[in-house]
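J.: the following comprises the amino acid sequence and a computationally predicted model.
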Amino acid sequence: MKQLPSYITLIESPRALLWMSTPKGDTLLQGNASFIGIIGKLTWKIRNICGLFQKGLNEEQKLWQNWKMLIPELSQKYDIAISYMNGFPNYYLIDKVQAKKKVLWIHNEYQKLNYERNFDHYYYNTSDQIITISDTCMNSFVETFPEFKRKISVLENITDRSEILLKGNEKMITEFDDTQKMKILSVGRLCEQKGFDLAISAAEILKEKGISFLWIVVGEGPDRHTLQQLIDKKGLNEEFKLVGIRENPYVYINKCDVFVQPSRYEGKSIVLDEAKVFCKPIVVTKYPTVYDNISDGETGLIVDMNPRGIAEGVTNLVKDSSIGKRLRKNLYDNSLGNEGEIDRYIDVMF
């Protein structure tokens with residue numbers, strides 16, 4: 001938030017949206033009392049108990065169907081409105097924002113997201129343009145919605161190499177500073193997609209092998225409690241730590257020895273591109289779009305999507321230092337910034 005230029009107007013999110021996306025009992029709701037929010041929570045519960053939702057909707061679509069009539073429209077009219085993400089942002093933009101042109105974004109393989117096609121069809125049909133982040137993601141979307149093939153374009157996530165390196169070298173104390181152990185890092189939202197449950201089980205295997213390590217996860221999300229319970233159950237509190245959100249994750253990436261991404265699926269991972277900027281040995285699971293980011297054995301190690309595969313990838317780096325050296329050299333030899341892509345953003349959207 002501190003990086004927003006002063007000329008940017010930030011509009012406060014409607015309180016009803018906060019209540020929609022925050023679990024009942026969360027302390028965040030205590031300071032944001034809302035009659036509409038209480039109504040929304042009650043109707044959500046009743047609809048779930050009585051099975052009153054359209055058949056086949058995923059949780060996100062059900063939430064929007066329940067809360068849509070309770071969330072106010074924006075009064076201002078705009079020339080262009082751009083959603084940054086599939087799901088809620090897309091639904092909000094179409095239903096609640098007035099604009100001459102509306103652009104929707106998809107950041108993952110559509111078929112992996114379990115959205116109900118007919119529900120989403122209205123939103124993509126109403127939009128003026130659809131953007132996604134890789135050819136793989138575009139093909140996945142077009143396979144589901146061939147009628148929108150002429151509407152969709154690919155714009156890669158922008159990796160500002162110089163800015164990332166500058167932030168990575170800031171003087172900041174991290175949990176890595178107090179250890180001589182192998183420093184393993186993962187970054188991402190604590191949710192099923194990111195596969196941190198697989199990482200915890202992989203950490204258990206590494207510990208059994210006698211490898212000394214500290215594995216840190218930077219990020220927050222709905223699965224924190226479940227993941228912490230798994231850490232406790234496996235006795236990994238000294239080896240595996242969920243440190244929450246950090247304003248500058250780049251310092252962590254710069255200080256780690258190995259970067260691990262255990263995702264079940266991705267679009268085109270931003271954080272992998274950021275780890276590549278720091279020339280870190282990468283271990284990543286074999287989800288379908290991983291080859292858009294990583295060349296196996298050249299710029300990272302692509303492993304089976306299970307705890308043993310992840311643990312073997314890390315173990316190989318420990319046992320054979322030449323692997324890490326080769327990966328770092330290959331990454332160093334590549335130009336890893338794509339700041340020029342911003343020109344394509346302007347051309348495509350405007």
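T.: That came through, no problem. What you see is a predicted model, and the numbers here were worked out from it, not measured in a lab.
J.: quick one: the strands in the stretch 1-150 of the chain, in order.
T.: Residue ranges of the strands in the stretch 1-150 of the chain, as given by DSSP state E, counting those that start in this stretch, are 77-82, 98-106, 129-132.
J.: can you put the ones you listed in JSON lines and add distance to residue 218, mean neighbour count and mean pLDDT?
T.: For every residue, glycine as well, the C-beta is placed using N, CA and C. Shown next, in JSON lines, are the strands of the stretch 1-150 of the chain (distance: least, CB to CB, whole Å; neighbours: other CB atoms under 10 Å; pLDDT from 0 to 100):
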{"stretch": "strand 77-82", "distance to residue 218": "27", "mean neighbour count": "14", "mean pLDDT": "96"}
{"stretch": "strand 98-106", "distance to residue 218": "24", "mean neighbour count": "19", "mean pLDDT": "96"}
{"stretch": "strand 129-132", "distance to residue 218": "26", "mean neighbour count": "23", "mean pLDDT": "96"}
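J.: so which of the ones you listed is nearest residue 68?
T.: strand 98-106 (15.8 Å; CB to CB).
J.: relative orientation of that closest one and strand 77-82 in degrees?
T.: Relative orientation of strand 98-106 versus strand 77-82 (axes from the mean of the first three to the mean of the last three CA atoms, to 10 degrees): 10 degrees.
J.: from what I can see residue 214 touches residue 184, true?
T.: Yes: at 7.0 Å, residue 214 counts as touching residue 184 under the criterion of CB atoms under 8 Å.
J.: so between the two, which is more surrounded?
T.: Between residue 214 and residue 184, counted using other CB atoms under 10 Å, residue 184 has the larger neighbour count: 26 against 21.
J.: check the secondary structure at the more buried one for me.
T.: Secondary structure state of residue 184, per DSSP: H, G, I helix; E, B strand; the rest coil, is strand.
J.: pLDDT value on it, please?
T.: Among the per-residue scores, residue 184 shows a pLDDT of 98.
J.: return the distance of the residue nearest to it when sequence neighbours are not counted relative to residue 272.
T.: Nearest residue to residue 184 in three dimensions, chain neighbours excluded: residue 215, at 4.1 Å (CB to CB, 6 or more residues apart in numbering). Distance of residue 215 to residue 272, computed by CB to CB, to the nearest Å: 17 Å.
J.: repeat that for residue 87.
T.: Distance of residue 87 to residue 272, computed by CB to CB: 22 Å.
J.: can you get me a residue count around the closest residue to residue 117 other than its chain neighbours?
T.: Distances taken as CB to CB, 6+ apart put residue 144 closest to residue 117, at 6.1 Å, once the chain neighbours are dropped. The number of residues packed near residue 144 is 17, by other CB under 10 Å.
J.: just confirm residue 144 contacts residue 112, I think it does.
T.: No: between residue 144 and residue 112 there is no contact under CB under 8 Å: 10.9 Å.
J.: and the end-to-end length of stretch 24-40?
T.: 11 Å (CA to CA, to the nearest Å).
J.: report the distance from it to the chain centre.
T.: 26 Å (CA atoms, centre = their mean, to the nearest Å).
J.: cool, and stretch 6-22?
T.: The answer for stretch 6-22 is 20 Å, by CA atoms, centre = their mean.
J.: burial measure for residue 54, as a count.
T.: 11.
J.: OK, contacts around the residue nearest to residue 311 when sequence neighbours are not counted?
T.: Nearest non-adjacent residue to residue 311, counting by CB to CB, 6+ apart: residue 205, 3.9 Å away. Contacts for residue 205 were tallied using CB atoms under 8 Å, 6 or more residues apart in numbering; they are 307-308, 311.
J.: right, I'll leave it there.
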